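*Asks:* A predicted structure for the sequence below; I have some questions about it.
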Number of protein chains: 2
Amino acid sequence: MEQRLSLVTVGVRDLARATAFYERLGWRRCLAGAEGVAFFQVGGIGLSLYPCADLEGDTGVSLTTEGSPRVSLAYNVRTREEVDSVMAEAEAAGAIVLHRPRQAEWGGYFGHFADPDGLIWEVAWNPAFPIAADGSITMPA
Amino acid sequence: MEQRLSLVTVGVRDLARATAFYERLGWRRCLAGAEGVAFFQVGGIGLSLYPCADLEGDTGVSLTTEGSPRVSLAYNVRTREEVDSVMAEAEAAGAIVLHRPRQAEWGGYFGHFADPDGLIWEVAWNPAFPIAADGSITMPA
């Protein structure tokens, strides 16, 4: 198994509401004709919003009762100031701010918000992880 | 907020066990000296394994009781046969097979496994999503 992943699929309670949130952030769907799912190209991978019941049906895992681990997504930015502006942008789009940006022990600066389904996003300035023009990150070896 | 993400962070119960699983799949850590977290470069993003309690501490969200949505990760392959071989490889590394590969309504072929923490991975052959040499996918517009 190569060291990569292709899609992050988020089981959502209300597909229209979830999709509207990301569209308010300025994101544009791919496969706009697809029904029952919303796909967003995010760099070299895909983010898909998919009703929880369908994710349960596909996997056979009861997502309300079984112990699947919690996941957070991170959005890294190029400057410290950009953490504040992205957090404000997310809040304006309807996100819940989990905590205001603060200094990190590891030398950076970060905040967390939750989308309308409670999906956790970290917004981080981490000078140790360079960001390429296309938005991809490279971590040190 | 640009249309991208930087890291997927998985809150795990046992960091050593979780790390060992991905290393059995042949993955190699970045930042091997980092303590309390395991980072893997996966294409242009990062996957980090991080103790659930620390993820709770960072976010202020109780991950055992609150309604964060469930997430699955997808690993797309270039041929139908490769779905079977990757599922077998994951099972040999200690994954739980959620269902054996089957034909998908959308024309592909897919299986699901869970890692030792219950994180759901889909292994899919989807000829509609081309895979580049570097493993990144491109979804149609």
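*Replies:* Yes, it's here.
*Asks:* quick one: least confident helix or strand in chain A?
*Replies:* helix A:52-59 (a mean of 82; mean pLDDT, DSSP states H and E).
*Asks:* just the buried residues of the lengthiest helix in chain A, please?
*Replies:* In chain A, ranked by residue count with DSSP state H as the criterion, the top helix is helix A:80-92. Neighbour counts using 16 or more other C-beta atoms under 10 Å in any protein chain shown place A:82-84, A:86-87, A:89-90 of helix A:80-92 among the buried residues. Backbone N, C-alpha and C define where each C-beta goes, glycine included.
*Asks:* returning to what we had before: just want the angle from the helix or strand that the least confident helix or strand of chain A is followed by to helix B:52-59.
*Replies:* Going down the chain from helix A:52-59, the next helix or strand is strand A:71-77, by DSSP states H and E. In terms of direction (axes from the mean of the first three to the mean of the last three C-alpha atoms, to 10 degrees), strand A:71-77 departs from helix B:52-59 by 50 degrees.
*Asks:* outline the domain layout of chain A.
*Replies:* A:1-59, A:71-126 (automatic domain parsing).
*Asks:* which ones, among the buried residues of helix A:80-92, also lie beside chain B?
*Replies:* Subset of these in contact with chain B: A:86, A:89-90, counting by C-beta under 8 Å from any C-beta of the partner chain.
*Asks:* which of those residues sits closest to residue A:133?
*Replies:* residue A:86 (18.0 Å; C-beta to C-beta).
*Asks:* low-confidence ranges in chain A?
*Replies:* A:63-70 (pLDDT under 70).
*Asks:* who's in contact with residue A:51?
*Replies:* Applying C-beta atoms under 8 Å, 6 or more residues apart in numbering or on different chains, we find residue A:51 in contact with A:11-13, A:15, A:36.
*Asks:* and what of residue A:138?
*Replies:* A:129-130, A:132, B:41.
*Asks:* still on that earlier bit, does anything pack onto the least confident helix or strand of chain A? Which helices or strands?
*Replies:* Contacts defined by 3 or more C-beta pairs under 8 Å, 6 or more residues apart in numbering or on different chains; DSSP states H and E place helix A:52-59 against strand A:7-12, strand B:120-125.
*Asks:* between the ones you listed, which gets nearest to residue B:53?
*Replies:* Taking C-beta to C-beta, strand B:120-125 is the member of those nearest to residue B:53, at 21.6 Å.
*Asks:* which residue lies nearest the spatial centre of chain A?
*Replies:* Per C-alpha atoms, centre = their mean, the C-alpha nearest to the average position across chain A is that of residue A:73, at 4.4 Å.
*Asks:* so what's that one up against?
*Replies:* If you count contacts by C-beta under 8 Å, 6+ apart, residue A:73 has them with A:8, A:119-122, B:5, B:7-9.
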